[in-house]
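> Give me a 3D structure for the following:
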Amino acid sequence: PIVESLPGDEKAAAMSVLHSFYCWGHMAVVILSTVYFVAIGTEHWQFLPFLWALLPLFNAFLYAKVPMHVLVAEEDKIPLSKLFSAKIFWLLFFLMLCAGASEQAMSQWSSYFAEKGLGVSKTLGDLLGPCAFALTMGLSRLIYGKLGSRMNVQRFIVFSAFLCVAAYLLTVFAPHPI
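Sure thing, here's the model as predicted:
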């Protein structure tokens with residue numbers, strides 16, 4: 001709603017840049033959590049979730065102060081019962097659920113792959129795997145956000161799919177772990 005209410009026509013680009021901040025946050029969580037474990041130790045892991053919980057709590061107070069513009073008139077709003085009965089809603093819901101799950105699985109797998117494939121420690125595997133994954137994901141979203149208006153979206157998606165398949169094949173069939 002915030003991006004939609006901003007002036008300008010480049011909503012898709014703005015959303016892509018906004019989504020890239022998830023990736024930078026992902027990298028920050030991995031790096032700062034690793035620093036915590038190195039400094040404090042893994043035996044005190046139970047305090048880390050409480051520390052991370054402060055961030056969304058703080059953001060909730062900041063978000064509450066953001067002025068929200070009405071995007072849809074009251075008479076044009078779709079009731080939740082009608083939304084939940086639409087098949088396309090459930091298809092898109094399932095698609096987003098699977099996309100998020102596969103993204104998290106890939107992030108966790110990349111850490112394990114870096115550890116076993118490169119023979120590095122868990123700490124370095126976490127930094128190489130999930131951080132590299134988040135960095136490439138963030139860069140792709142940032143590139144599309146900045147250059148999206150000059151790109152052919154279908155060609156960009158096909159190229160991205162090709163890169164995914166190529167990266168997979170390289171990972172599976174490469175003779176050397178690096």
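> So, low pLDDT: which residues of the chain?
177-178 (pLDDT under 70).
> Now do the helices in this protein.
Under the criterion DSSP state H, the chain contains helices at 2-5, 11-39, 48-63, 80-84, 87-118, 122-147, 153-173.
> Could you identify which of these is most buried?
helix 122-147 (a mean of 18; mean count of other Cβ atoms under 10 Å). For glycine as for every other residue, the C-beta is placed from the backbone atoms N, C-alpha and C.
> just the angle between that helix and helix 11-39, please?
160 degrees (axes from the mean of the first three to the mean of the last three Cα atoms, to 10 degrees).
> Make TSV from the helices of the chain and add distance to E74 to it.
Listed next are the helices of the chain as TSV, based on distance: least, Cβ to Cβ, whole Å:
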stretch	distance to E74
helix 2-5	16
helix 11-39	23
helix 48-63	23
helix 80-84	15
helix 87-118	21
helix 122-147	32
helix 153-173	33
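> how about those helices, which one is nearest H69?
H69 sits nearest to helix 2-5 of all the helices of the chain, at 3.9 Å, using Cβ to Cβ.
> now for the closest one, which elements pack on it?
helix 11-39 (3 or more Cβ pairs under 8 Å, 6 or more residues apart in numbering; DSSP states H and E).
> quick one: the helix it packs on to helix 48-63, angle?
150 degrees.
> For T136, see how far away T34 is.
With distances taken as Cβ to Cβ, to the nearest Å, T34 is found 19 Å from T136.
> next one: L48
26 Å.
> what do you get for L18?
L18 is 18 Å from T136, by Cβ to Cβ.
> now do A73
Taking Cβ to Cβ, one finds A73 at 41 Å from T136.
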